[in-house]
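Undergrad: Have a look; sequence and predicted model below, questions after that.
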Amino acid sequence: MSETAVKTGHPKGLWVLFGTEMWERFNFYGMRAILTLFLVNSLLMKEEDASLIYGGFLGLCYLTPMLGGFISDRFFGNRNCILLGGLMMATGQFLLFFSASIFGTNISLANTLMWTALGIIIFGNGFFKPNISSMVGSLYPKQEKSKLDTAFTIFYMGINLGAFLGQLICPIVGDVKDTAGIRDIHAFKWGFLAASIAMLIGTAVFYFLKNKYVITPEGRPLGGLPKHNVNDDYEEGESQKAVFSKNALIGAVISFFVLGALFHFVVNQNWIYTVIYSSGITLAGLIISDSSLTKIEKDRILVIYIVAFFVIFFWAAFEQAGSSLTFIADNQCDRNFFGYNMPPSMVQIFNGLFVVAFAVPFSMLWDYLRSKDREPISPVKQAVGLGLIALSYFIIAHNVKDLGNNGLLAIKWLILLYLIQTCAELCLSPIGLSLVGKLSPKRFSSLLYGVFFLSNASGYALAGTLGSILPATGDKFNKAKELGIDLQAVLDKKIVPTAEQVKLLADNQITDHNPIFAGFEIHNLFEFFMVFVVLTGLAAIILMALTPKLKKMMHGVR
């Protein structure tokens with residue numbers, strides 16, 4: 001083990017992966033901060049449609065790690081997949097730069113470039129995401145797996161340092177408003193260009209430092225081609241190869257199409273969301289059907305699945321940051337922050353800032369509790385995270401209750417929301433990554449990270465659905481008033497708009513009806529936020545109740 005590893009308890013390779021992930025997250029979160037605003041203001045989409053695209057895009061970004069994990073485990077190895085994914089994401093961001101450069105002269109081509117760019121980023125993220133997470137786990141031999149919660153919390157600080165920088169720089173250069181509040185819709189391109197450059201830097205960091213530092217304690221390179229890997233980290237008697245029967249593979253294919261039909265035709269999901277949900281369930285079933293799995297391995301994999309299910313509700317609530325919360329920040333929020341009128345997309349920056357501030361204290365807390373033998377098991381930490389996110393939405397719901405159509409939400413309440421959600425995130429997301437590393441059979445390491453990211457994908461898809469039920473905010477009522485339409489009376493069904501008025505509202509990206517969720521009509525922001533309070537609050541209670549059973553199924557892993 002290197003000298004640095006002896007002094008800090010963590011190998012130098014962790015810091016290389018930290019830096020690589022930091023620049024990749026700059027790229028991803030910087031683009032995420034301005035994406036929906038670009039879709040609405042430059043490509044002239046409705047907020048509802050932008051939210052659905054946003055959710056579908058993020059969902060697919062966390063669906064493709066399943067493919068990236070499989071290709072890595074079987075063919076390319078972690079290193080090559082990270083490099084390939086990084087270059088693809090940089091290319092995708094560069095295409096977004098071109099889309100944002102030409103929309104004023106050729107909106108059809110701009111839309112084509114936008115869709116192409118998102119597709120390339122989706123597959124690039126699929127190659128990158130599971131493999132860099134898997135390599136963090138691979139840095140630690142089996143006798144040091146107890147350090148993984150701390151290692152992933154440090155790694156997670158890199159993620160959010162990058163998110164902070166991306167959400168600072170991309171909005172500054174890409175989400176520009178003048179003193180009168182008029183947005184420069186041609187500035188988005190510079191935000192996308194900054195994201196592309198950041199991804200190229202991250203890829204270069206990994207390329208030049210991987211051979212020196214991303215190695216085992218004995219000095220062997222990690223993450224090479226699978227056929228060259230030395231499998232000395234397997235438990236005694238543990239199988240080193242998955243064994244899927246022909247019937248299991250056929251059953252998986254049939255299940256995928258049956259589930260797809262169910263989600264699309266019965267649950268009425270669009271095709272993208274259908275693929276996300278069906279793929280997650282199908283892959284989970286295929287892995288658990290592996291005939292080489294022991295009883296203990298199956299129990300531990302089931303724990304991953306159960307925790308991943310509850311993680312869906314966390315991300316569905318958390319990922320409102322890039323859609324509904326950004327629209328609220330844009331349309332019904334006083335963004336004056338100590339005299340600086342923040343761009344709407346920059347309000348998200350507080351999440352990354354708080355993670356950078358609190359990641360090390362949380363890491364120290366877990367280490368301290370572990371030294372006293374009082375550290376809670378991972379599912380307990382994650383249940384606490386769900387409870388905290390429910391609390392954050394309860395507070396914001398209370399503060400929007402009496403805003404009316406024209407009142408402005410003080411930015412301090414969004415900052416408080418991001419502070420509480422950051423604490424929730426640190427209890428849940430890095431702990432979940434660590435849990436997969438500790439519970440996964442070695443032969444399924446990258447693939448099970450792909451499965452875990454599928455819970456993120458499902459959460460993001462649900463986030464898109466929930467973001468699309470955002471009711472009309474203040475700017476919509478003001479715009480309708482300018483058009484001579486009493487939008488409140490229309491929404492309350494006190495008046496029936498004419499066909500001409502309906503078209504006029506639609507042309508100005510305003511809907512003439514309240515959104516519906518689970519059979520309930522959402523009339524205002526209070527009801528909208530209470531949806532998240534109920535979903536995450538119930539998830540927290542149920543997961544906490546299941547923890548005694550999950551502890552037994554983990555067979556000694558905390």
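TA: Structure's in. What do you need?

Undergrad: I'd like the C-alpha coordinates of stretch 280-289 written as CSV, please.
TA: Extracted in CSV, the C-alpha atoms of stretch 280-289 (Å, rounded to 0.1, in the frame of the first residue of the first chain):
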residue,chain,number,x,y,z
GLY,A,280,-35.0,-2.8,-14.2
ILE,A,281,-37.4,-5.5,-13.2
THR,A,282,-36.3,-7.9,-15.9
LEU,A,283,-32.6,-7.5,-15.1
ALA,A,284,-33.2,-7.9,-11.4
GLY,A,285,-35.0,-11.2,-12.1
LEU,A,286,-32.4,-12.5,-14.4
ILE,A,287,-29.5,-12.0,-11.9
ILE,A,288,-31.4,-13.7,-9.1
SER,A,289,-32.0,-16.7,-11.4
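
Undergrad: Name the residues that touch that stretch?
TA: Among residues not part of stretch 280-289, those counted as contacts by Cβ atoms under 8 Å, 6 or more residues apart in numbering are 63, 66, 242, 244-245, 248-249, 251-252, 255-256, 259, 298, 301-302, 305, 444, 447-448, 450-451, 454-455, 457-458. Using the backbone N, CA and C atoms, a C-beta is placed for each residue, glycine as well.

Undergrad: try stretch 494-513
TA: For stretch 494-513, the external contacting residues (Cβ under 8 Å, 6+ apart) are 40, 44-48, 472, 476, 479-480, 483, 485-487, 489-491.

Undergrad: Now list the buried members of the contacts of stretch 280-289.
TA: Buried by 16 or more other Cβ atoms under 10 Å: 63, 66, 242, 248, 252, 255-256, 259, 301-302, 305, 444, 447-448, 450-451, 454-455, 457-458, out of the contacts of stretch 280-289.

Undergrad: So which of those residues are in helices?
TA: Mapping these onto helices (DSSP state H) picks out 66, 248, 252, 255-256, 259, 301-302, 305, 447-448, 450-451, 454-455, 457-458.

Undergrad: Centre of the chain to stretch 116-133, how far?
TA: In terms of Cα atoms, centre = their mean, to the nearest Å, the centre of stretch 116-133 is found 13 Å from the chain centre.

Undergrad: Please export the C-alpha coordinates of it as PDB.
TA: Extracted C-alpha coordinates of stretch 116-133, given in PDB (Å, rounded to 0.1, in the frame of the first residue of the first chain):
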ATOM      1  CA  THR A 116     -28.800  13.400 -31.000                       C
ATOM      2  CA  ALA A 117     -26.700  15.000 -28.200                       C
ATOM      3  CA  LEU A 118     -28.900  13.700 -25.500                       C
ATOM      4  CA  GLY A 119     -28.700  10.200 -27.000                       C
ATOM      5  CA  ILE A 120     -24.900  10.300 -27.100                       C
ATOM      6  CA  ILE A 121     -24.700  11.600 -23.500                       C
ATOM      7  CA  ILE A 122     -27.100   8.800 -22.400                       C
ATOM      8  CA  PHE A 123     -24.900   6.000 -23.700                       C
ATOM      9  CA  GLY A 124     -21.700   7.800 -22.600                       C
ATOM     10  CA  ASN A 125     -23.000   8.000 -19.100                       C
ATOM     11  CA  GLY A 126     -23.900   4.300 -19.300                       C
ATOM     12  CA  PHE A 127     -20.300   3.400 -20.000                       C
ATOM     13  CA  PHE A 128     -18.800   5.800 -17.400                       C
ATOM     14  CA  LYS A 129     -21.100   5.700 -14.400                       C
ATOM     15  CA  PRO A 130     -21.100   2.000 -13.200                       C
ATOM     16  CA  ASN A 131     -17.400   1.500 -14.000                       C
ATOM     17  CA  ILE A 132     -16.000   4.300 -12.000                       C
ATOM     18  CA  SER A 133     -18.100   3.400  -9.000                       C
END
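
Undergrad: Give the buried residues for that stretch.
TA: Going by 16+ other Cβ under 10 Å, stretch 116-133 has these buried residues: 116-118, 120-133.

Undergrad: Grab the most central residue of this structure for me.
TA: The residue lying closest to the centre of the chain (Cα atoms, centre = their mean) is N456, at 5.9 Å.
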